[in-house]
Structures are given as C-alpha cells and as structure tokens.
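J.: Next come a sequence and a model predicted from it.
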Amino acid sequence: MDVSDWVDARNGFIRGEIFTSEEVYQAELKNVFARSWVFLAHDSMLKKAGDFIQNYIGEDPVVVVRQADGSVKAWLNQCRHRGMRICRADRGNTRYFMCSFHGWVYDREGSLVQVPHEEEAYAPETFDKADYGPRQVPRLHNYKGFWFGNWDETAPDFEDYIGDFKYILDSHIDRHEGGLEVVGQHRWIIPANWKYNAEQPSNDSYHAETSHASALTVLERSRKKRREEKGEPDNRVSMATRAAAARGKQFSGGFGHGAGWHEMPEGAMRYQAELPATMEWEDSVRDKVEERLDPYRNANRSHANLFPNFMMLANGTMRVTHPRGPNEMEIWAWTFAPAEAPDEVKEEIRVNVLRTFSAAGMFEQDDAENWLEEQRIFRGYMARQDPLVYTMRIGDARRGLGGVPGIIAPSVYADEGARGMYHHWAELMSGDSWDDIARRNAERLAQVPHAEADNSQEI
Amino acid sequence: MEEIPESETEAGVATMPITARRTAPSVDVCRELEQFLFEEADLLDTWQFDAWLTMLADDIHYWAPVRENLFHRQRKNEMAAPGGSAHFDETREHLAERVDRLKTHQAWAEEPASRTRHLVTNIRVFETDNPDEFEVESSFYVFRTRSERDFDSVVGKRFDVIRRVDDSAYGFQLARRKIVFDMAMLLVKNLSLFY
Ligand code: FES
Ligand SMILES: [Fe+2]
C-alpha cells in the first residue's frame, strides 16, 4: 500500500489518515504485524514443561508453550477444522489442548493427536492428522529470556532486526545477573490507535511535563516529604526536575525502534523508581551494573519501543500494545523486577508500577484521555488534511553522538524517534520485500552524518 | 509469575471461601452499616474526596486484585493472591495521594470531571470476632459519563471490613476493602476514580 500521501517521515509530515483508515489498518495487519518481530513471552512466564500463555501477533492469537525438552513453541491459536480458538485460558499448564467445538485434540507442540470418530468420519487414505496441526510461528528467538516471534521467513534475524537498539534493550533487560522476572500484569483497552502507544515511548518525552503534570506534582510532593522525614541523601534527581531540563538524547534505530532519556547531572543517577528500598539496593549494586553495562546507561534510563509494539519504561513496565481495529488498542502490560533483587524491592516495584502505569495508574490514565480525544478528532475530514508537526530537531541527529550507537538527536525533545518509526512503518506498508527494505534501511543509516569526534555537540 | 495452584473443587466464583453460615448483627447495626456505604457512595459521586478520606481507617488496605481466565481446574484461583497482580494495592497515604492528584485539576482523565453514580446493592453484614468490626459484602455498579459522549461502567463486588469508631465523622471507618471487578481484561480506558 502506498502511504506517501499521508507519511513523509523524512520531512516530519504525518497525516491523521494513518490512525483512522480501515484500509490502512488491514494493510498493517498484513505488512507490519505479520512481518515483524513481536514479543510473545518471558522465560519466567513459562517455568516448567506444559506452562503456556496466550498472546497475540497483531490480531492473531498465539499460544506459547514450554516443551518437555525445555524448548518453546508458539502456534496460532486456531483449530484447523473450522477455525475455532483452541485454547481459551490466559495461561496455565497442560499436556493437551482440546478444541471445544468438535473435540480435536492438540499436544503441546501443536500436533493434532486425536480426532473424534476419525475412522468413521475421514478416509484414512486422504486424511492424515500430521497435516492439520495449527500454523506454527516459524521464527522464534529467545533474547536474554525474552521470546519474540515472527511469521515471516524472510525477515532479518532478530539480532539484525534490533540492530543498534540492542544498546537500549540491554539497558532494560540485562542490567543484572539473572535478568528479570514478572511480578505483575495488567490488561485493558484504550479506544485509540495502537501507534500512539508505540510512538510515545519511541519519541515523546515532550508530553510528560504537561500530560503528567498532576502525577509529577503529587509524587514530587510525597518524595520531598519522605526525604525530609527519613533524611534520605539528596543525590537523587526527581522526575519533575528532570522533566524541566531538556538535557538528554533521543535514539532512532534502523527498523523503527526509538527511545529517549533525560541525562542526569554529574554523579546522579536515575533509579528504577524513587522508592526507598529500591534506591538503596540500586546504590548497593551500582558498581556491578556499571561494569555490566556502562556508567552512562546506569545513570540514564530510557523509555523505549522495539518496533512495532513492545514498549518499556525505566520503572519495570513492559508491554505489547495489540491493535484492535484502527480505533482501539489492547494493552498487555507486565511488571518486571530484577530476579536477584530482594523481595522488598520487587514488592516496591510491583506496587509502584500498578500505582503509576496500570489502568488505574496515575500517569497512565491521562495518556488514555489524550489519545482518545485525538482519535475522535481524526474522524473529521478537515482534521485529517493538514500534516501534524513531527519536525522537532529535524536534521540535528548524528550517528553515534555521545558514544551512543544509532541515530542520536542531541536533545530529549526531538521527533527523531517518531520520524524513524513512521519511516520504517511506511517502508513495511509498501509491501516491498524485506531484502529491499533492509538494503534501503542500511543506505539511509549510512547517509546520516557521524557525530564530531569530540562529541561536543550539546543542546 | 506466581504459580496458579490447582484447586480440587469445581469452579466457584473465586472470591472468598464459603465458610459456615455467618452471623448477621442486629437489624439496627445492619442499617447503620448500609447507611455508611450509601453515604460513601454519595461522597464519591459528589467529589467530596476529603470527606471520603475521613471514612478510611489509618490502617486501611484498599485492594483490587487482577483476575484471569483460567482452566476450570484452576479457576478457584482466578483472582491474584495478595502480593500478586492488582489494580489497586493502597494504603491510606496512597489513596490521599490519588485524591491530591485529582485536586490539581491537571489530572486530564478527570478534568473535566466525570459524572458518576455508585449504585451499591446486595449488602450483607456479618459479625466478626471483634465486636467493633463487621464484614460487609456489597455489589456495586459505577456508571460514568464524561465530556461530550464518553460513558462506561464498572461492576463488581466488595468485601469490606468496617470498624465502629465512635468519635469519627461517620461513626464507622473502612478498615479493609477488597474489590473484585467483574472483568478480566478491563474494558474501560482507565480506573481514574474509587470503587
Ligand atoms: S473447530 Fe475445532 S474441532 Fe471443529
Ligand atoms: Fe505518558
């Protein structure tokens, strides 16, 4: 599908049509979701043989199952017989899955193992159960405990797909030995296009100060009070202070990935969340994390989106945003905590995320409100005529600025992440082969000038 | 992720164990407690959140566990256990923080404010070992409209412990609340108010 009438990402022009059109949406399911790497599960959700969870790639439900040999398989949750949903539990443990329509039974691998009245019903010469397992997700990749799936055999390997975003992803999931584990989950719907919740973590630190003014104010007040009462050290820079300073960077990766972060002043670091036990523990492991990542990534934590729809924040919320038509998204959010952290820290992280970034979260609620109104406005005809303004810091990004891989804008207030995201989105929407897209992607990256050797460019 | 224990029994509504028949206090006490819940509903619907906070005991635990769709043999455990996934898991201080947020008038999910109606029904009152504390179960239906044409509703059940506190503004205080929403996936854009 040619989307050039609506998206000229290089120049920062995007029109509302891409958030509302049913035609665009159907093309997205085919050209974006059926060709991209999508988060499916984490090892801590599938501890033993037979543990399974349901997830989605776009609108296609997928069952992810731990096998007897420790491997993982993922298959379309659809019975081959008449197309019924095979598994109707969100998660659990099982040996077999029985379709509740006519009783076909599948094993954990997704092989059809039993068909009621097979002998009377089907001719053995023409009917072989081996032909009728559900469609397998042909490409699965486990990256540091996180399972991703891709329907497209021709897509780049996962590590090539994430490219420079590895730097960002590692800073979220590979800070600590032993990685992460799930401590909470939330699911809810927002009547707005899925791309808002992809674009925002890719790009939009800019919204926080206004959208989240209430939560920033209130949490800052509580923090001050706690600090006074408990005499906590003052090497901590609050969210409100950070939001007021534009110092920071924005990342754009090759295949639509984006991230942004505020830079901490010298000596300060950003904590997972401003919680007493968590800060204390993070101080105690600071050296280890700096060694594992580097001091810069320990101090400066990002918000990020692995294209298309895997979002992560510094506080432990990680989620996939499933598209549900052009006008609705379904958020599947998990709270992750470092596996090696003390229970007290995990508990703080669990409660903090539910109080800030779940459906009842003090930050999250206000995003939903803005997106919903945005979505509603785009129903108008005139409302879709003028291009929206994605021109912040256009032309200022450099490759490798500040020693950070990728295309890096010299400010946290930039639209580089969004331009990169919509550029790649348009590339996929064109329907061109992954080979062509990957080649053009490499050419585009090569055209971005490198940062000056001294990296002196600052805001 | 917390393990889901298998349950021996068939699916019941996963809430509280059905214990032996519990004892109801006198009709007068039941009326007082009903009145307390209706008063609370009215404070919430009229945005008198500071008054609402005086209804809460200092040691309140306000908790709404997450619910999942599970196989029948695990369904008794479809509500997350304490310490697991939750929509609310709040102390009094936490709730006061949420109230403060609404009062900034920059909490866009509630600015302009929603109009709500808390309908509270099916109230049952039981005595506990403490003569001043009562277990009170109630169903709720919260209908919300806001702005031009937004509306949604949240329905569920609450399991409260309500304590008689003679010198408190309403004669009782809410010491514990467990909220069970009748949705696994929340089919609302947010939970910006109280239930
Ligand atoms: S649709 Fe599954 S057995 Fe018929
Ligand atoms: Fe936000």
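T.: Here it is on my side, so go on. Ligands and ions are numbered 1, 2, ... in the order given.
J.: Where does pLDDT dip in the stretch 101-250 of chain A?
T.: Along the stretch 101-250 of chain A, segments meeting pLDDT under 70 span A:232-246.
J.: Could you tell me which residues of it lie near chain B?
T.: Residues of the stretch 101-250 of chain A found near chain B (Cβ under 8 Å from any Cβ of the partner chain) are A:181-182, A:184-191, A:211, A:213-215, A:217-219, A:221-222. No exception for glycine: its C-beta is placed from N, CA and C like everyone else's.
J.: quick one: the strands in chain B?
T.: Under the criterion DSSP state E, chain B contains strands at B:56-65, B:86-90, B:115-127, B:133-146, B:150-164, B:172-181.
J.: Those strands: which one's closest to ligand 1?
T.: For ligand 1, the closest of the strands of chain B is strand B:172-181, at 31.0 Å, according to Cβ to the nearest ligand atom.
J.: could you say what helices and strands that closest one packs with?
T.: If you count contacts as 3 or more Cβ pairs under 8 Å, 6 or more residues apart in numbering or on different chains; DSSP states H and E, strand B:172-181 packs onto helix B:27-45, strand B:56-65, strand B:86-90, strand B:150-164.
J.: Save these as JSON lines, and put in mean pLDDT too.
T.: Conversion of the helices and strands packed on strand B:172-181 to JSON lines gives the following (pLDDT from 0 to 100):
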{"stretch": "helix B:27-45", "mean pLDDT": "98"}
{"stretch": "strand B:56-65", "mean pLDDT": "98"}
{"stretch": "strand B:86-90", "mean pLDDT": "98"}
{"stretch": "strand B:150-164", "mean pLDDT": "97"}
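J.: for those, which one ends up most surrounded?
T.: Most buried of those by mean neighbour count (mean count of other Cβ atoms under 10 Å in any protein chain shown) is strand B:86-90; its value is a mean of 24.
J.: Listing partners with orientation, what would you give for that one?
T.: Pairing partners of strand B:86-90, with direction, according to DSSP bridges: strand B:56-65 (antiparallel).
J.: Go ahead and measure how far the partner strand is from the middle of the chain.
T.: On the basis of Cα atoms, centre = their mean, to the nearest Å, strand B:56-65 is displaced by 9 Å from the centre of the chain it belongs to.
J.: re the thing from before, now restrict the residues of the stretch 101-250 of chain A next to chain B to buried residues only.
T.: A:181-182, A:184-191, A:211, A:213-215, A:217-219, A:222 (16 or more other Cβ atoms under 10 Å in any protein chain shown).
J.: can you tell me which of these are in strands?
T.: Using DSSP E, the subset of these located in strands is A:Glu181, A:Val182, A:Gly184, A:Gln185, A:His186, A:Arg187, A:Trp188, A:Ile189, A:Ile190.
J.: For the stretch 101-250 of chain A, which segments count as helices?
T.: Secondary structure of the stretch 101-250 of chain A (DSSP state H, counting those that start in this stretch): helices at A:118-121, A:158-162, A:165-173, A:196-203, A:208-211, A:213-230, A:239-244.
J.: Quick check: which ranges of chain B have low pLDDT?
T.: Across chain B, the ranges flagged by pLDDT under 70 are B:1, B:6-20.
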